[in-house]
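A.B. asks: kindly generate the corresponding structure for this input.
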Amino acid sequence: MGVAGANLKSHDVFIAGMAGLLAGAGSMALGEWLSVQSSRELYSHQIKIEKEELERNPAEEQEELALIYQAKGLSESRARELSAAIMTTEQNSILDTLAREELGIDPQELGGSAYVAAFTSFFLFALGALFPLLPFAFLSGSNAVYISMGVSAIALFLVGSAITLMTGRNIFYSGTRQVIIGLAAAVITYGIGKLIGVTVGG
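C.D. replies: Got it, this is the predicted structure:
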């Protein structure tokens, strides 16, 4: 919308939009990969520390586990009995339990795959960016701008409606709010592009 506001040809708007789509999707994917990978490395490090503590002082780890089970509602005697039983199993099983109960980490998942997260982020960003961009591939001038905003409004409403599955809010309220915020951002961006286009173009 910012490029369209600068009064460039639809072909130029589409090319610039595609460049922005790929750059934005790539940036989101790389950021997501780095975030998830950093979390995985942090979790692995925490589990490593837990393993060292288990080898160095198993009695202390057993006591910590008993306190965790007490905090979850078990009686002191039952919590101590359960933690003692767990400490008699294989070390990998003990470490798995400690990671889940004490650290809140699933050792098998470690927060999920960084590559899956990156691909998902790239795909969703690119899919969302296509809605306002496609009209400029077939139309020009004001028609392309209006159709782009119309298609974007529909997509925004659908996204807002889908969010209600998690929030429980009214579909019309959430959808409309998403449309208003999204279109407000588009109008502001268009206005900035218009201002820059006039300034640079003289």
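A.B. asks: make it CA atoms for all contacts and neighbour counts henceforth
C.D. replies: Will do.
A.B. asks: and the next helix or strand past the helix or strand hosting residue 15?
C.D. replies: Assigned by DSSP states H and E, residue 15 belongs to helix 10-56. Going down the chain from helix 10-56, the next helix or strand is helix 58-71, by DSSP H and E.
A.B. asks: in that following helix, what's buried?
C.D. replies: Buried residues in helix 58-71, counted by 16 or more other C-alpha atoms under 10 Å: 61-62, 64-70.
A.B. asks: ok, so of those residues, who is nearest residue 179?
C.D. replies: Minimum distance to residue 179 across the buried residues of helix 58-71 is 45.9 Å, recorded for residue 68 (C-alpha to C-alpha).
A.B. asks: how far away is that closest one from residue 34?
C.D. replies: In this view, residue 68 and residue 34 are 32 Å apart by C-alpha to C-alpha, to the nearest Å.
A.B. asks: list the helices and strands the helix holding residue 15 packs on?
C.D. replies: helix 2-5, helix 91-98, helix 114-133, helix 135-138 (3 or more C-alpha pairs under 8 Å, 6 or more residues apart in numbering; DSSP states H and E).
A.B. asks: farthest residue from the center of this protein?
C.D. replies: Distance to the chain centre peaks in the chain at residue 77, reaching 42.6 Å (criterion: C-alpha atoms, centre = their mean).
A.B. asks: and the strand or helix carrying that one, average pLDDT?
C.D. replies: Element membership of residue 77, judged by DSSP H and E, is helix 76-86. Helix 76-86 carries an average pLDDT of 87.
A.B. asks: can you tell me what sits against it?
C.D. replies: 62-63, 65-67, 69-70, 93-94 (C-alpha atoms under 8 Å, 6 or more residues apart in numbering).
A.B. asks: who's in contact with the nearest residue to residue 140 once chain neighbours are set aside?
C.D. replies: Computed as C-alpha to C-alpha, 6 or more residues apart in numbering, the closest residue to residue 140 that is not its neighbour in sequence is residue 10, at 5.1 Å. Counting by C-alpha under 8 Å, 6+ apart, residue 10 makes contact with 4, 136-137, 139-141, 144.
A.B. asks: and for residue 196, the neighbour number?
C.D. replies: For residue 196, the tally of surrounding residues (other C-alpha atoms under 10 Å) stands at 17.
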